[in-house]
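Asker: Attaching a predicted model along with its sequence, questions to come.
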Amino acid sequence: MPSPRANTLIVVPAYNESAAVGDVVREILAAVPGAECLVVDDASRDDTAAVAEAAGARVMRLPVNLGVGGAMRAGFRWAVARGFDVVVQVDGDGQHPAEGIPELIAGLAEADIVIGARFAGADGAGARGPRRIAMWILARTISRVARTKLTDTTSGFKAAGPRAVKLFARTYPAEYLGDTIEALVIAARAGLVIRQRPVAMRDRQGGTPSQNTLKATLHLMRACLALGIALTKPRQKVGPRAPFAQAGAA
Ligand SMILES: Nc1nc2c(ncn2[C@@H]2O[C@H](COP(=O)(O)OP(=O)(O)OP(=O)(O)O)[C@@H](O)[C@H]2O)c(=O)[nH]1
Ligand SMILES: [Mg+2]
């Protein structure tokens, strides 16, 4: 009998994550038995690919660095080509505890995309100044477009059901910041149902942070600009939502 998770692919975009990615893969395979884990190694300069493979992941090595969006699009295409209809995105630095994955997958019973949202401060409550304003603009605008309250729109911890997987294999934005903001806008404007579930997140478990506070603030301000541009693009078409009984079996 096939495992209940046999059609679930966990995709880990990874760039120079050899310090953490091994534990990340082992934790995923233990938390979601039957699922397959694909690490998309985005032309890392360390041995991310070898470490991930040794931990039990399938590994796709990109010859040039495409960024998280390009890596995720490659992951979604890989998923569609092999018949996976659920894709969960998990960071390679250990910030997303794998025990939260079944909860996100369970949420796909009512939604096409389930975002793992950090509890506090995600909508700007704990931040100050321009950072807070940028987070507030993102949360408000995307909530309106998605017709649901979303507080953590830049979260990289997300589950995509069958309609979203097909849409994203075609259109997942590879542009700068596209992997979070624009992907949600494309999905919402195509009529997909987006929901969030609260999840715990940890500190990065090794490797080097990609951003300091100033960079993170600039990143959020650019995200607001990217949001404006995403809203001007044509809408994508997707088919009707089919019942998705398997996802409920957590
Ligand atoms: N494919 C790909 N993945 C990347 C790239 N840069 C970062 N990542 C991965 O994307 C995920 C999130 O990146 P992080 O650097 O952890 O970003 P963050 O969580 O916002 O910030 P910190 O953890 O504080 O550094 C991790 O799994 C990274 O390895 C890239 O250029 N390409
Ligand atoms: Mg991180």
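Answerer: Looks like it arrived, so ask away. Ligands and ions are numbered 1, 2, ... in the order given.
Asker: is it true that residue 36 touches residue 10?
Answerer: Yes: applying Cβ atoms under 8 Å, one finds residue 36 in contact with residue 10, separated by 7.2 Å. Backbone N, C-alpha and C define where each C-beta goes, glycine included.
Asker: got a list of contacts for stretch 43-57?
Answerer: Stretch 43-57 is touched from outside by 12, 14-18, 21-26, 29, 37-39, 41, 59, 61-66, 92, with contacts defined as Cβ atoms under 8 Å, 6 or more residues apart in numbering.
Asker: quick revisit: same drill for residue 36 and residue 10, tell me which one is more crowded.
Answerer: residue 10 (28 against 21; other Cβ atoms under 10 Å).
Asker: How about the secondary structure of the more buried one?
Answerer: Three-state call for residue 10 (DSSP: H, G, I helix; E, B strand; the rest coil): strand.
Asker: Which secondary structure element is home to the closest residue to residue 147 other than its chain neighbours?
Answerer: Of all residues not flanking residue 147 in the chain, residue 188 sits nearest, at 7.5 Å (Cβ to Cβ, 6 or more residues apart in numbering). Assigned by DSSP states H and E, residue 188 belongs to helix 183-189.
Asker: who does residue 159 bridge with?
Answerer: residue 88, residue 114 (DSSP bridges).
Asker: pLDDT score assigned to it?
Answerer: Residue 159 carries a pLDDT score of 98 in this model.
Asker: which residues sit in contact with it?
Answerer: Under the criterion of Cβ under 8 Å, 6+ apart, the contact list for residue 159 reads 86, 87, 88, 89, 101, 104, 105, 107, 108, 113, 114, 116.
Asker: same thing but 10 Å
Answerer: 8, 10, 86-90, 100-108, 111-116, 165, 195, 197, 247 (Cβ atoms under 10 Å, 6 or more residues apart in numbering).
Asker: got it, and residue 38?
Answerer: 9-13, 25, 52, 57-60, 74-75, 78-79, 82, 84, 87.
Asker: in the chain, what spans have low per-residue confidence?
Answerer: For the chain, the stretches flagged by pLDDT under 70 are 1-6, 119-127, 244-250.
Asker: all helices for it, in order.
Answerer: 21-31, 48-54, 67-81, 101-107, 129-146, 162-171, 183-189, 213-230 (DSSP state H).
Asker: Tell me which of the ones you listed is the most buried.
Answerer: Burial of the helices of the chain is given as mean neighbour count (mean count of other Cβ atoms under 10 Å); helix 183-189 ranks first at a mean of 23.
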